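**Student:** this is the structure alone, sequence omitted:
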């Protein structure tokens, strides 16, 4: 820049591509920093998609805290009213309850506010839990209380332990997969007279016996996972299943959903 009267140079600056890019970069960095500070330290962050959930949670917690403070304030006011009456001589010390006793009374009032819907729900839930416990009462191994369905099909014959019949027969389609009821080890694979196979799966003291498997896909000593295929059916023979837990018979109809 030149002075008008003397044409003397007052100051000058040089503009280049690099300096222009640097100025623009510094401007955008400063803008980003400014916006970040505004978002983090001002209520503007509440309009962003991630912060609304935390704000809602905070509002719920504050509301619960206010309710708790209101209950405490009510009890404190009742306590102060008792002190005033005691000071004025309107009541005697024998009739005064402690603050803890008053809280117990308030809690008892809340617990007594049960309606018929709550009682019906609790009764139904208790009945379901009792049936569930009775269902698995004869299984000692907790890891196998929920058994995987060994094969898809129709139950053609149900075990009758009273008649010393411990076999459940399932009628299946051709090439239907035979599945492991639990996670365990194949401890036995035997060929039967009708050209089918018998397989035994063991998990701890729990044993699943399969008979009349047309084709085996696991050998003796193989480790299998629950629901893993261990054989195939030919559609001509029914799959026979037996369940034993520590030498005690377990009825498949009670622990497997077919």
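**Tutor:** All right, it came through fine. Note that this is a predicted model, so its numbers are computed, not measured.
**Student:** when you work out contacts or count neighbours from here on, use the C-alpha atoms and nothing else.
**Tutor:** Fine.
**Student:** can you show me the strands along this protein?
**Tutor:** 154-157, 168-171, 177-179, 184-191, 197-203, 206-213, 215-216, 223-224, 229-232, 239-245, 248-250 (DSSP state E).
**Student:** redo the ones you listed as a markdown table? Include distance to residue 66, mean neighbour count and mean pLDDT.
**Tutor:** Shown next, in a markdown table, are the strands of the chain (distance: least, CA to CA, whole Å; neighbours: other CA atoms under 10 Å; pLDDT from 0 to 100):
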| stretch | distance to residue 66 | mean neighbour count | mean pLDDT |
| --- | --- | --- | --- |
| strand 154-157 | 60 | 14 | 91 |
| strand 168-171 | 61 | 20 | 94 |
| strand 177-179 | 56 | 23 | 93 |
| strand 184-191 | 55 | 18 | 94 |
| strand 197-203 | 54 | 21 | 94 |
| strand 206-213 | 55 | 22 | 94 |
| strand 215-216 | 67 | 18 | 93 |
| strand 223-224 | 56 | 16 | 94 |
| strand 229-232 | 58 | 21 | 93 |
| strand 239-245 | 55 | 21 | 93 |
| strand 248-250 | 55 | 17 | 90 |
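**Student:** low-confidence stretches in this structure?
**Tutor:** Residues of the chain meeting the criterion pLDDT under 70: 1-3, 7, 11-13, 15, 44-57, 91-119, 122, 125-146.
**Student:** follow-up on the earlier one: any chance of the strands of the chain in JSON lines, plus distance to residue 87?
**Tutor:** Listed next are the strands of the chain as JSON lines, based on distance: least, CA to CA, whole Å:
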{"stretch": "strand 154-157", "distance to residue 87": "82"}
{"stretch": "strand 168-171", "distance to residue 87": "82"}
{"stretch": "strand 177-179", "distance to residue 87": "80"}
{"stretch": "strand 184-191", "distance to residue 87": "77"}
{"stretch": "strand 197-203", "distance to residue 87": "75"}
{"stretch": "strand 206-213", "distance to residue 87": "74"}
{"stretch": "strand 215-216", "distance to residue 87": "91"}
{"stretch": "strand 223-224", "distance to residue 87": "79"}
{"stretch": "strand 229-232", "distance to residue 87": "83"}
{"stretch": "strand 239-245", "distance to residue 87": "73"}
{"stretch": "strand 248-250", "distance to residue 87": "73"}
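**Student:** of all those, which lies closest to residue 29?
**Tutor:** strand 223-224 (58.8 Å; CA to CA).
**Student:** who are the packing partners of that closest one?
**Tutor:** strand 184-191 (3 or more CA pairs under 8 Å, 6 or more residues apart in numbering; DSSP states H and E).
**Student:** chain center to the strand it packs on, what's the gap?
**Tutor:** With CA atoms, centre = their mean, to the nearest Å as the basis, strand 184-191 stands 35 Å off its chain's centre.
**Student:** was I right to think residue 226 contacts residue 201?
**Tutor:** No - using CA atoms under 8 Å, residue 226 is not in contact with residue 201, being 10.7 Å away.
**Student:** where do the contact lists of these two overlap?
**Tutor:** 180, 184 (CA atoms under 8 Å, 6 or more residues apart in numbering).
**Student:** among the strands of the chain, which is nearest residue 36?
**Tutor:** Among the strands of the chain, strand 223-224 sits nearest to residue 36 (CA to CA), with 54.6 Å.
**Student:** strand partners (parallel or antiparallel) of that closest one?
**Tutor:** strand 184-191 (antiparallel) (DSSP bridges).
**Student:** other residues contacting the partner strand?
**Tutor:** So strand 184-191 is contacted by 197-204, 218-226 (CA under 8 Å, 6+ apart).
**Student:** distance of residue 39 from residue 183?
**Tutor:** 53 Å (CA to CA, to the nearest Å).
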